[in-house]
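> here's a sequence, model it:
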Amino acid sequence: MRKIVERAPGKREARKEERREAILEIAKREFLDHGYSGASMSAISAELGGSKGTLWSYFPSKEELFAAVLDHATREYRSRLADVLKPGEDLRAAEQSEAESLEAELAAELAGLGSAIER
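Presented below is the predicted three-dimensional model:
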């Protein structure tokens with residue numbers, strides 16, 4: 001019987017993840033600055049300093065890139081909220097306050113991205 005051994009990500013995988021994160025940060029700025037309709041994959045690629053093919057290999061469409069930007073922007077908030085809202089536990093005043101703080105932060109983040117969609 002063969003054992004499956006999980007290995008830590010290698011340099012190549014780490015570099016791919018760093019590149020993906022860089023794309024998401026640049027795309028977020030592009031969407032915020034120009035709105036969804038005004039943002040272009042070409043502009044994102046130019047700022048990234050790579051080829052359009054590289055960008056397209058990570059995100060096959062502007063729609064998928066925008067969805068990834070939204071997911072990336074809300075991931076930390078979802079994680080923090082999951083910690084606060086554990087099933088079966090009563091919310092104490094401190095937890096309620098944290099949930100309200102998270103809601104306000106998320107609303108502000110999404111408002112910026114929401115205005116990008118309207119442009």
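
> in this structure, which helix is the longest?
Assignment by DSSP state H gives helix 11-38 as the longest helix of the chain.

> where does pLDDT dip in the chain?
Residue ranges of the chain with pLDDT under 70: 1-9, 86-97, 114-119.

> let's see that with 80 instead.
For the chain, the stretches flagged by pLDDT under 80 are 1-9, 76, 80-103, 105-106, 108-119.

> quick one: what helix or strand has the residue nearest in space to the middle of it in it?
Central residue of the chain (CA atoms, centre = their mean): residue 72, 1.3 Å from the mean position. Residue 72 is part of helix 62-84 when elements are defined by DSSP states H and E.

> what angle separates that helix from helix 11-38?
110 degrees (axes from the mean of the first three to the mean of the last three CA atoms, to 10 degrees).

> the residue nearest to the centre of the chain is in contact with residue 28, isn't it?
Yes. At 7.5 Å, residue 72 and residue 28 qualify as touching, with contact defined as CB atoms under 8 Å. For glycine as for every other residue, the C-beta is placed from the backbone atoms N, C-alpha and C.

> buried sites along the helix holding residue 72?
62, 65-66, 68-70, 72-73, 77, 80, 84 (16 or more other CB atoms under 10 Å).

> ok so, going back, how close does the closest residue to the residue nearest to the centre of the chain other than its chain neighbours sit to residue 30?
Of all residues beyond its chain neighbours, the one nearest residue 72 is residue 24 (4.8 Å), with distances taken as CB to CB, 6 or more residues apart in numbering. Applying CB to CB, to the nearest Å, the value for residue 24 to residue 30 is 11 Å.

> between these two, which one's more packed in?
residue 30 (22 against 19; other CB atoms under 10 Å).

> can I assume the more buried one is in contact with residue 39?
Yes. Using CB under 8 Å, residue 30 is in contact with residue 39, at 4.5 Å.

> what's the neighbour count on residue 61?
Applying other CB under 10 Å, we find 10 other residues in the vicinity of residue 61.

> one more: residue 51?
Using other CB under 10 Å, residue 51 has 10 neighbouring residues.
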